[in-house]
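Novice: any chance you could fold what I've pasted below:
(one chain, ligands or ions: 1)
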Amino acid sequence: MEKIVINGGKPLYGNIEVSGMKNAALPIIFANILVEDKCVIENVPNISDVSRALEILAAMGAHIRRLSKTVVEIDSTGIRMGKSPFELVRKMRGSYYIIGAELGRFGSSYVAYPGGCDFGVRPIDQHIKAFELLGTSLNIEGGYIDARTNGGLIGSQIFFDVVSVGATINAMIAAVRAKGMTVIENAAREPHVVDLANFLNTCGANITGAGTDVIKIKGVPKLHGCNYAIIPDMIEAGTFMLAAAATSGSLRINNVIPKHLESISAKLIEMGASVVEGDDFVIVSRNGPLNKVNIKTLPYPGFPTDMNPQICVLLCLAKGTSLLNEGVWDNRFRYVEELKRMGASIKVDGRTAIVDGETDFSGATVRAVDLRAGIAMVIAGLTARGVTEIEDIYHIERGYDNVVAKLQAVGADITKKTMPPMPKEELA
Ligand code: EPU
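Specialist: Next comes the predicted model:
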């Protein structure tokens, strides 16, 4: 078991690089199943979710070569249907893209029911609705999803009841090689939806409208290999932006697309921090107090739900009481109990957190209850008096590339330590 140990109170200064986006890398990696050729993917983040996705593809019969730390070659020619390993698939949410990709390539799919971070019910009814409209019949039994078509998918009109990133991506993946035209309405507009469409189009797909709420996909019989670079991770970038402001430091955050960060920049400016945008960088600094603000998380281009725990830490530091309303997930506030251990004063009422400001965080032992909650503990630890120890950091490593070394390089006193195994009598 490993933990992160932070000796807080040191402002962050300097340059920090953002890696490729987790939530674009996962669909792009799984969409390789459709390609039946060799692709070279660049700007791949070095995170455990990506390693797991590549491991799943390899177990299915793909040839994977790491050409460098951030470049991976995937040859999906030899992939066989139904070979994704139950234990790996069940631990990761993004593995549901295997269903769309197997259906698109083989006309059937057999995959374990997906796992992922726990913040309330995470239904997949919209994915299932899309597959059914494309001509699939599905059965869920014994922890597996068994999906079949009568000779392949057929293009269709899909209107989603809720805006879902995963369902939009899965429908797009499935429809790329379907017969005829598919129109997805009420589609998610996230940058990673656009990135996947760009990757698939580079492989010969015919997708238009990604980034708007209507996506049109004209089915093509086959795709071909390509070279493709994944976009920078806007959530990692946003996390560093908030860490700079939280510690009263100044960071130049490189390898970003500033447009993707607009909702975060706007809130930081409203709170009194300074944000300077360049072509592919932002500089965030703070040298005065933070103002209270009210925030509602929403699908893109709204303020991202995946920044909810991190911005909550900043609200704890602001002057006055702020309201943080979660507009996407039912139960994203499990981290609040952990922040309270460090001195935060937060009340949760349904989907709203009422956050009292001017918290003087003090170091404590806390848990990373999920990925973004875990990184929020890191930000709180960086601002706290004394030592913060964060347990269950495997959550953080699912989505943050080398975060300890990146933060050390900008002045944080942060280390990763291996904990000795607990004596048997304490395990009872
Ligand atoms: N929803 C349904 N039915 C569905 C699918 C979703 O009702 O079939 C609901 C969900 O319950 C939720 C809302 O729609 O209330 C949005 O869910 P969405 O499908 O957009 O989420 P997701 O695709 O499962 C991805 C990211 C999450 C991120 C959300 C929202 C991946 C692997 N995960 O999840 O990222 O929070 O979009 O932006 O791409 C993270 O990176 O920390 C993370 C959790």
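Novice: CA atoms for contacts and neighbours, from now on please.
Specialist: Noted.
Novice: for the residue nearest to residue 27 when sequence neighbours are not counted, give its distance to residue 350.
Specialist: The shortest distance from residue 27 to any non-neighbouring residue, by Cα to Cα, 6 or more residues apart in numbering, is to residue 97 (6.3 Å). Taking Cα to Cα, to the nearest Å as the measure, residue 97 falls 31 Å from residue 350.
Novice: wouldn't residue 252 be in contact with residue 280 here?
Specialist: No: counting by Cα atoms under 8 Å, residue 252 stays clear of residue 280, with 10.3 Å between them.
Novice: more neighbours: which of those two?
Specialist: residue 252 (23 against 13; other Cα atoms under 10 Å).
Novice: now that one. Nearest residue, chain neighbours left out?
Specialist: Per Cα to Cα, 6+ apart, closest to residue 252 is residue 283, 4.2 Å.
Novice: over to residue 103?
Specialist: Of all residues not flanking residue 103 in the chain, residue 109 sits nearest, at 5.5 Å (Cα to Cα, 6+ apart).
Novice: in which helix or strand does that neighbour reside?
Specialist: In the assignment (DSSP states H and E), residue 109 maps to strand 108-112.
Novice: how about the CA coordinates for that strand, as PDB?
Specialist: Output of strand 108-112 as PDB, limited to C-alpha atoms (Å, rounded to 0.1, in the frame of the first residue of the first chain):
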ATOM      1  CA  SER A 108     -21.800  -8.900 -31.400                       C
ATOM      2  CA  SER A 109     -20.200  -8.300 -28.100                       C
ATOM      3  CA  TYR A 110     -19.600 -10.100 -24.800                       C
ATOM      4  CA  VAL A 111     -18.100  -7.900 -22.000                       C
ATOM      5  CA  ALA A 112     -18.200  -7.700 -18.200                       C
END
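Novice: the next helix or strand after that strand close to the ligand?
Specialist: In the C-terminal direction, the helix or strand that comes right after strand 108-112 (DSSP H and E) is helix 125-133. Yes: contact of helix 125-133 with the ligand (Cα under 6 Å from any ligand atom) involves 125, 126, 127.
Novice: show me which of these are buried.
Specialist: 126, 127 (16 or more other Cα atoms under 10 Å).
Novice: nearest to residue 33 among the residues of helix 125-133 next to the ligand?
Specialist: Of all the residues of helix 125-133 next to the ligand, residue 127 has the smallest distance to residue 33: 17.9 Å, by Cα to Cα.
Novice: quick check: what element follows the strand or helix carrying the residue nearest to residue 252 along the chain?
Specialist: Following DSSP H and E, the helix or strand that holds residue 283 is strand 281-285. Remark: after strand 281-285, the chain's next helix or strand is strand 295-296, criterion DSSP H and E.
Novice: direction included, what does that next one pair up with?
Specialist: strand 321-325 (parallel) (DSSP bridges).
Novice: average pLDDT across the partner strand?
Specialist: Per-residue pLDDT over strand 321-325 has a mean of 98.
Novice: which intervals of this protein have sub-threshold pLDDT?
Specialist: Segments of the chain classed as low confidence (criterion: pLDDT under 70) are 115-121, 422-428.
Novice: so which residues on it come close to the ligand?
Specialist: Counting by Cα under 6 Å from any ligand atom, the chain sits next to the ligand at 23, 93-94, 122-127, 162-167, 305-306, 328-329, 371-372.
Novice: take the residues you listed and keep only those in helices.
Specialist: 23, 125, 126, 127, 165, 166, 167, 371, 372 (DSSP state H).
Novice: close enough to count as contact, residue 62 and residue 74?
Specialist: Yes: under the contact definition of Cα under 8 Å, residue 62 touches residue 74, with a separation of 6.7 Å.
Novice: contact partners for residue 297?
Specialist: Going by Cα atoms under 8 Å, 6 or more residues apart in numbering, residue 297 touches 303, 304, 305, 308, 324, 325, 326, 327, 328.
Novice: which residues does the strand holding residue 109 contact?
Specialist: With contact meaning Cα under 8 Å, 6+ apart, strand 108-112 is reached by 81-86, 89-90, 96, 98-99, 102-103, 143-149, 152.
Novice: can you list the buried residues in it?
Specialist: Buried residues in strand 108-112, counted by 16+ other Cα under 10 Å: 108, 109, 110, 111, 112.
Novice: tell me which two in those are the farthest apart.
Specialist: Between all members of those, the farthest pair (by Cα to Cα) comes out as 108 and 112, at 13.8 Å.
Novice: list the contacts for residue 49?
Specialist: 22, 26, 92, 398, 399.
Novice: residue contacts, the first one?
Specialist: In this case it means residue 22. Here residue 22 is in contact with 45, 47, 49, 50, 233, 399 (Cα under 8 Å, 6+ apart).
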